[in-house]
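Asker: The amino acid sequence is not available; the structure is as follows:
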């Protein structure tokens, strides 16, 4: 068993997350997003029978003050957090956040949160502000029905509780 100091592990986790986030911010700049549209270190509070779960969100990109893109930074394979990120995008605001990105140090995937389908691969595939604005307009009247919201809440809670039982958190 690894007996590494928990504070050292937390520092390593934070350093990994910061490295990925820096890469994401650079990709957003290259896609013409201004820094004022990016919120760092947000969170979503999910109420469950067992109490509140605080789900971290590394970045939220806003267009006209509306959340248009959320980014989750993860260690390991992207597919391990794609579905949870879609659930989070569908629950975060009154209307679904149109896009979710899951990124690690090597790669990123852009997901249309309404369909759950990948629409871009790699750091060069980040949607530009115009595409976010257009998708927000297309989704303006869409809402996640109550039964589906409950399913999304259960999915998000399950992913939160399924964290690996290893010393390094998967984010």
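Answerer: Structure's in. What do you need? From a predicted model like this one, the values you see are computed outputs, not experimental measurements. Residues are numbered from 1 along each chain as shown.

Asker: Go through this protein and flag its longest strand.
Answerer: For the chain, the longest strand by residue count, based on DSSP state E, is strand 51-63.

Asker: Check the secondary structure at the residue lying closest to residue 116 once chain neighbours are set aside for me.
Answerer: Of all residues not flanking residue 116 in the chain, residue 86 sits nearest, at 5.1 Å (CB to CB, 6 or more residues apart in numbering). Bear in mind the C-beta positions are built from the backbone N, C-alpha and C, glycine included. The assignment at residue 86 comes out as helix when based on DSSP: H, G, I helix; E, B strand; the rest coil.

Asker: Low-confidence ranges, this protein, go.
Answerer: Across the chain, the ranges flagged by pLDDT under 70 are 1-12, 162-171.

Asker: Show me what the longest strand of the chain is packed against.
Answerer: helix 6-30, strand 38-48, strand 66-73, helix 129-138, helix 146-161 (3 or more CB pairs under 8 Å, 6 or more residues apart in numbering; DSSP states H and E).

Asker: what's around residue 73, how many residues?
Answerer: By other CB atoms under 10 Å, 25 other residues sit near residue 73.

Asker: The closest residue in space to it that isn't next to it in sequence and residue 92, how far apart?
Answerer: Spatial nearest neighbour of residue 73, chain neighbours left out: residue 20 (3.9 Å); criterion: CB to CB, 6+ apart. The gap separating residue 20 from residue 92 is 20 Å, by CB to CB, to the nearest Å.

Asker: who has more neighbours, the two?
Answerer: Using other CB under 10 Å as the criterion, residue 20 and residue 92 rank with residue 20 on top: 22 against 19.

Asker: Touching, the more buried one and residue 103? I think so.
Answerer: Yes - the pair residue 20 / residue 103 is scored as a contact, 5.7 Å apart, by CB atoms under 8 Å.

Asker: The closest residue in space to residue 160 that isn't next to it in sequence: what's it in contact with?
Answerer: Nearest non-adjacent residue to residue 160, counting by CB to CB, 6+ apart: residue 53, 5.2 Å away. Residues near residue 53 by CB atoms under 8 Å, 6 or more residues apart in numbering: 45-46, 156-157, 160.
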